[in-house]
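Student: the sequence and its predicted three-dimensional model are supplied below.
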Amino acid sequence: MLEVNNFIIMQQLEPFKDRGDAGRQLAQAMSLTHAGYRDVLVLALPRGGVPVAVPVAQALHAELDLMLVRKLGLPNHPEFAMGAIGSGGVRILQPGVPGLMGVTQREVDAVSAAEQAELARRERQYRGARAPALLDGRCVILVDDGVATGATMLAAVEVARRRHPARLVVAVPVAARDAFEALSVAADEVACLALPARFRAVGQWYRSFGQTTDEEVQSLLAQAWAQSRDAASQPYPKEPT
C-alpha cells in the first residue's frame, strides 16, 4: 500500500471478479485504515455502488445509506458523461459544456430534466418512507464501483458538502488518474484500490460487470437496514458485579 499525503492507493493489478469481490477487497483495506473513525456513514451511489458499499459498511460497523446522483450523458453518445446532477439542485458540467461536440444549452437542460425525473424515481423506489441519513458532523464515505470522468462522484461530493460532514472520504475500487486527482482536491481523502496508467473504462477492471438491477439494490438495502435494526435492538451487556 502506498500513501500519498492522506490519499490511499492500493496496488491492485488483477481485475475484480465482480462488484461484491471489489467491495470485500475495499472493505478489507479500509478496515485497516478507517476502523478507528467515529460516527461513520457509508453512502452508496446506486446502482453499481451498492454491492460495493455493503461490505465496506459492515467492515466499519457503519450506517449505510444512499447518495443519489445521475450522470448526464451526451445526447447522441449517452455512455460519455457531459456532467452530473445530484439532490438539492446540484449540477456539475464538464469543461466546454454546452458547446462540446455541438451540445446546446437546450439539450443540456433536456438531459438534466430527464435524469432529475429518474433520480426522483429511484429516491421513491429505493428509500420509500425511510428518511435520509444525517451527515452533519459525521465522517461520510462515498462509495461507487469505479470512477471514469469523475463527474458523478464530484456531484456526490458537492451534495454531501452542503450537508456539513466533519470529514468526507471517497472510496472506489478503481479510478482514472485525472478523476482521482480532481477528487483528491474536492474530498478530504480518496481510497482507491487500482489506479491504472492506461484507463479505458471501469468495466475493464471487472471480469463480471453486468448491470445492477433495481431489485438487487432493494434487496441489498433491505438486508443491510434489517441487520442495522436488529443490532440496534440488542440490549447492552450487563456490567460485571
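Tutor: Received, thanks. Bear in mind that the values here come from a model prediction, so they are computed numbers and not experimental data.

Student: may I ask which helix or strand encompasses the residue lying closest to Asp18 once chain neighbours are set aside?
Tutor: Leaving out its chain neighbours, the residue that sits closest to Asp18 by Cβ to Cβ, 6 or more residues apart in numbering is Ser208, at 4.3 Å. (C-beta placed from N, C-alpha, C; glycine too.) Assignment of secondary structure by DSSP states H and E places Ser208 within no helix or strand.

Student: separation between Ser208 and Asp214?
Tutor: Ser208 sits 19 Å away from Asp214 when distances are taken as Cβ to Cβ, to the nearest Å.

Student: buried ones in the top helix by length along the chain?
Tutor: Criterion DSSP state H: the longest helix present in the chain is helix 214-233. The neighbour-count criterion (16 or more other Cβ atoms under 10 Å) identifies 216-218, 220-221, 224 as the buried residues of helix 214-233.

Student: nearest to Asp144 among those residues?
Tutor: Checking the buried residues of helix 214-233 against Asp144 by Cβ to Cβ gives Val217 as the nearest, at 13.1 Å.

Student: just confirm the closest one contacts Val50, I think it does.
Tutor: Yes: with contacts defined as Cβ atoms under 8 Å, Val217 counts as touching Val50 at a distance of 4.9 Å.

Student: below-threshold pLDDT in the protein: ranges please.
Tutor: In the predicted model, the chain carries pLDDT under 70 at residues 1-12, 229-241.

Student: mind listing the helices for it?
Tutor: Listed in chain order, the helices of the chain (DSSP H) span residues 19-33, 50-60, 105-122, 151-161, 177-186, 214-233.

Student: for the second one, name the packing helices and strands.
Tutor: Using 3 or more Cβ pairs under 8 Å, 6 or more residues apart in numbering; DSSP states H and E as the contact criterion, the neighbours of helix 50-60 among helices and strands are helix 19-33, strand 40-44, strand 63-66, strand 139-143, strand 167-174, helix 214-233.
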